[in-house]
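Asks: fold the following, please.
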Amino acid sequence: MEIILLQDVQNLGSKDDIVTVKDGYGRNFLIPQKMAIVANATSKKVLAENIRQRAHKEAKLKDEALAMAAQLEGKTVVIGAKTSATGKIFGSVNTIQLAEAIAKLGFDIDRKQIKIAADTVKEVGKFTAKIKLHREVIVDFPFEVVSE
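Replies: Predicted coordinates:
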């Protein structure tokens, strides 16, 4: 029996794969659990159209991410923090503060997309963060922490 997987199934395949399984496994387990549907001519055409549309949407999202990456290139942000006399920050600089500083430049980037290279920024200096705009587009973004 040929089926189209609706989700990843361990030791069988990943989503949207067309696989051949024994009749009982398909009819009694995969289809009732909504893990698969029967692969007939109609469902294969629907699958092909869905894959084509998804690829088109992914290409559009990637192009938008590349455009934003080009705009971010060469920009830097200065974040002010309260410090001691030795240059140590009271607390630390985190992704929330960095996202707010980037938003002031006019870019709408979620803090969850930002990963600071150093685990914690607890002193004054220049640092780099990685911004994941798309699964395949990651930008190195420099920022500087200064004393207020």
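Asks: Ile79 is in contact with Gln97, correct?
Replies: Yes - with contact taken as Cβ atoms under 8 Å, Gln97 and Ile79 are classed as touching, separated by 5.7 Å. Every C-beta, even on glycine, is put in place using the N, C-alpha and C of the backbone.
Asks: quick one, what contacts the spatially closest residue to Lys130 that is not a sequence neighbour?
Replies: Nearest residue to Lys130 in three dimensions, chain neighbours excluded: Lys115, at 4.7 Å (Cβ to Cβ, 6 or more residues apart in numbering). Lys115 is in contact with Thr95, Ala129, Lys130, Ile131, Lys132, counting by Cβ atoms under 8 Å, 6 or more residues apart in numbering.
Asks: sort out for me which of the residues you listed are in strands.
Replies: Ala129, Lys130, Ile131, Lys132 (DSSP state E).
Asks: that older thread, measure the residue nearest to Lys130 to Ile4 for me?
Replies: Look at Lys115 and Ile4: by Cβ to Cβ, to the nearest Å, they are 36 Å apart.
Asks: tell me who's in contact with Thr128.
Replies: Ala117, Asp140, Phe141, Pro142, Phe143.
Asks: quick one: which of the residues you listed sit in strands?
Replies: By the criterion of DSSP E, membership of these in strands covers Asp140, Phe141, Pro142, Phe143.
Asks: can you select the buried ones among these for me in PyMOL?
Replies: Selection of buried members from the ones in strands among the contacts of Thr128 for PyMOL, criterion 16 or more other Cβ atoms under 10 Å:
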select buried, resi 141+143
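Asks: surely Ile96 and Arg111 touch.
Replies: Yes - the pair Ile96 / Arg111 is scored as a contact, 5.2 Å apart, by Cβ under 8 Å.
Asks: which of those two has more neighbours?
Replies: Using other Cβ atoms under 10 Å as the criterion, Ile96 and Arg111 rank with Arg111 on top: 14 against 10.
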